[in-house]
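Asks: When you get a sec, could you give me coordinates for this:
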Amino acid sequence: MNKKSKISRRQLLALASGSAILTACQVVPEVPVAPQEPPKESKIIVNPDSYNSVHLFASSGYAQDHSRIELGINRLSQAGFSLANINAAYRRYQRFAGSDSERANDLIPIANGALPMPKMLLGLRGGYGAMRFLPDINWASLGDRMRERGTLLFGFSDVCAIQLALLAQGKMMSFAGPMLYSEFGKPQAPEYTFQSFVNGMSNDTITVDVPSFTGKHLNMEGVFWGGNLSVLVSLIGTPYFPQIDGGILFLEDVGEQPYRLDRMFQQLALSGCLKKQQAIVLGNFRMNSKNTDIYDSSYDLPTVIADLRRVANIPVLLDFPFGHIVNKTTFPLGAVAKLTSNGERYTVTFSGYPRLEAERLNLTALLPAVGFSSGLFEEDSGVYIE
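Replies: All right, here's what the predicted structure looks like:
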């Protein structure tokens, strides 16, 4: 062994010895880690048979910000609700709020009767993933149990897959409305959205008056159904696509290129769906400069809607206040609605839907104490995060 090797070994042994002495004499501080554990479910006692019971389901994307989960839970608790299954809000698997089986199991025991039916089923947020476990749920049983209990299911965006399957196989309506993370957990309260939720859940009818030109007098009644365009189209040809005759089809989406919207409208037409409807009502499509056609900037949303009117050959109404926007109204999906128009504006009236026992809750706690002035058709410039 050469001299250099002997010196290196000596140095190595000295260093090892010194490190051992240092380790024995000193405590190396641990790097603090922010707590990420959800509250223990055992601390939350919920009577599912109660008027205020809420069962959370996380069917799609995971919730990035835990403080928003807690804010949503606190707001709903102050309004008088008791929430169960809140651990679902803290799950994550890849891009989803848990594995497919975990997300399905938010609803399976409710559908098959292993758990009592709550008064409200509340979605966590949108994103993607709900369609992946649709075959795992007994939708007919879920629909029957919801009807018997008068249960309200709330959601939109990707949760639309749940709502469409429930309507198709369970013959049960749901509500397009706020979700735990998306709205109830917003640091800045979406005032109009909360006001619409409170009004809708406190009254026997919901009337949405839209100051949007229609150019003709209309008077029709039918099932008001639909939801997110991308999700709806993805279910065409499956058992989870509702077969609605004489309906009023509602559609919204977010951030799609004009040609993609046209392709989805064309697919709805080719499937035979549009010819069965009385009218199409379009919500907000949340488009900006990034959604400009790269081949022809004049090929825009109004152009696509003009083609939709030609292809569908039924009234196409605009500006219904719902979509991936801050100010959104709460309304039933899958319920019968009456639509009227005097040519200058149109009105949609819903009735006969299940509602909360608002008189036993404290729904006004969701509203700002002072200064409520947020109007439905004020400019919606806020950045929307699901």
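Asks: do you know how far residue 332 is from residue 290?
Replies: Residue 332 sits 33 Å away from residue 290, going by Cβ to Cβ, to the nearest Å. Where you see a C-beta, it was placed from the backbone N, CA and C, and this is true even at glycine.
Asks: cool, and residue 302?
Replies: Plainly put, residue 302 is 18 Å away from residue 290 if you go by Cβ to Cβ.
Asks: more crowded one of those two?
Replies: More neighbours surround residue 302 than the other of residue 302 and residue 290, with 11 against 7 (other Cβ atoms under 10 Å).
Asks: State the mean pLDDT of the helix or strand harbouring that one.
Replies: Under the criterion of DSSP states H and E, residue 302 resides in helix 301-312. Averaging pLDDT along helix 301-312 yields 98.
Asks: Pull out the buried residues from it.
Replies: By 16 or more other Cβ atoms under 10 Å, the buried positions in helix 301-312 come out as 301, 304-305, 308, 311-312.
Asks: Can you add distance to residue 269 and give those residues back as JSON lines?
Replies: As requested, the buried residues of helix 301-312 are exported to JSON lines (distance: Cβ to Cβ, whole Å):
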{"residue": "301", "distance to residue 269": "17"}
{"residue": "304", "distance to residue 269": "13"}
{"residue": "305", "distance to residue 269": "13"}
{"residue": "308", "distance to residue 269": "8"}
{"residue": "311", "distance to residue 269": "5"}
{"residue": "312", "distance to residue 269": "6"}
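Asks: just for this structure, where's the confidence low?
Replies: Low-confidence regions of the chain, defined by pLDDT under 70, span residues 1-46, 369-386.
Asks: Among the buried residues of helix 301-312, which one lies nearest to residue 241?
Replies: residue 312 (17.4 Å; Cβ to Cβ).
Asks: and the closest one, how far is that from residue 342?
Replies: 22 Å.
Asks: what are the ranges of the strands in the stretch 51-200 of the chain?
Replies: For the stretch 51-200 of the chain, applying DSSP state E, counting those that start in this stretch gives strands covering 53-57, 82-84, 120-123, 152-155, 174-176.
Asks: Of those, flag the one that's most buried.
Replies: Among these, strand 174-176 has the highest mean neighbour count (mean count of other Cβ atoms under 10 Å), at a mean of 28.
Asks: my guess is residue 227 meets residue 174, correct?
Replies: No: using Cβ atoms under 8 Å, residue 227 makes no contact with residue 174, being 9.2 Å away.
Asks: so what sits against both of those two?
Replies: Shared contacts of residue 227 and residue 174 (Cβ atoms under 8 Å, 6 or more residues apart in numbering): 163, 333.
Asks: before we move on, back to that, helices and strands around the helix or strand just after the helix holding residue 302, which ones?
Replies: Counting by DSSP H and E, the next helix or strand C-terminal to helix 301-312 is strand 316-317. In terms of contacts (3 or more Cβ pairs under 8 Å, 6 or more residues apart in numbering; DSSP states H and E), strand 316-317 is packed against strand 277-282, helix 301-312.
Asks: Report the strands that pair with the shortest one, each with its relative direction.
Replies: For strand 277-282, the pairing partners within the sheet under DSSP bridges are strand 247-252 (parallel), strand 316-317 (parallel).
Asks: residues of the first one that come out buried?
Replies: Spelled out, it's strand 247-252. Buried-residue list, strand 247-252, by 16+ other Cβ under 10 Å: 247-252.
Asks: One more: stretch 154-161?
Replies: Under the neighbour-count criterion of 16+ other Cβ under 10 Å, stretch 154-161 has 154-161 buried.
Asks: Tell me which two in those residues are the farthest apart.
Replies: Farthest-apart pair in these is 154 and 161; separation 14.5 Å (Cβ to Cβ).
Asks: Domain ranges for this structure, per the record?
Replies: Listed by automatic domain parsing, the domain ranges of the chain are 41-190, 207-351.
Asks: Including distance to residue 367, could those domains go into a markdown table?
Replies: Below are these laid out as a markdown table (distance: least, Cβ to Cβ, whole Å):
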| stretch | distance to residue 367 |
| --- | --- |
| domain 41-190 | 8 |
| domain 207-351 | 14 |
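Asks: what's the closest of those domains to residue 362?
Replies: Comparing the domains of the chain against residue 362 with Cβ to Cβ, the closest turns out to be domain 41-190 (4.4 Å).
Asks: show me the residues around the residue nearest to residue 334 when sequence neighbours are not counted that make contact.
Replies: Of all residues not flanking residue 334 in the chain, residue 173 sits nearest, at 3.4 Å (Cβ to Cβ, 6 or more residues apart in numbering). When contacts are counted by Cβ under 8 Å, 6+ apart, residue 173 touches 167, 332-335, 353.
Asks: would you turn the residues you listed into CSV with neighbour count?
Replies: Output for those, formatted as CSV (neighbours: other Cβ atoms under 10 Å):
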residue, neighbour count
167, 26
332, 24
333, 28
334, 27
335, 19
353, 22
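Asks: Of those, which pair is most distant in space?
Replies: The largest separation in these, counting by Cβ to Cβ, is between 167 and 353 at 13.1 Å.
Asks: Can I get the longest strand belonging to the chain in PDB? Just the C-alpha atoms.
Replies: In the chain, ranked by residue count with DSSP state E as the criterion, the top strand is strand 217-228. The C-alpha coordinates for strand 217-228 follow below in PDB (Å, rounded to 0.1, in the frame of the first residue of the first chain):
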ATOM      1  CA  HIS A 217     -91.100  35.500 -27.900                       C
ATOM      2  CA  LEU A 218     -90.600  32.100 -26.300                       C
ATOM      3  CA  ASN A 219     -92.800  30.100 -23.900                       C
ATOM      4  CA  MET A 220     -91.700  26.500 -23.200                       C
ATOM      5  CA  GLU A 221     -91.400  24.000 -20.400                       C
ATOM      6  CA  GLY A 222     -89.000  21.000 -20.200                       C
ATOM      7  CA  VAL A 223     -86.300  19.300 -18.200                       C
ATOM      8  CA  PHE A 224     -83.400  21.800 -17.800                       C
ATOM      9  CA  TRP A 225     -80.300  19.600 -18.000                       C
ATOM     10  CA  GLY A 226     -76.700  19.500 -19.200                       C
ATOM     11  CA  GLY A 227     -73.600  21.100 -17.600                       C
ATOM     12  CA  ASN A 228     -70.000  21.200 -18.700                       C
END
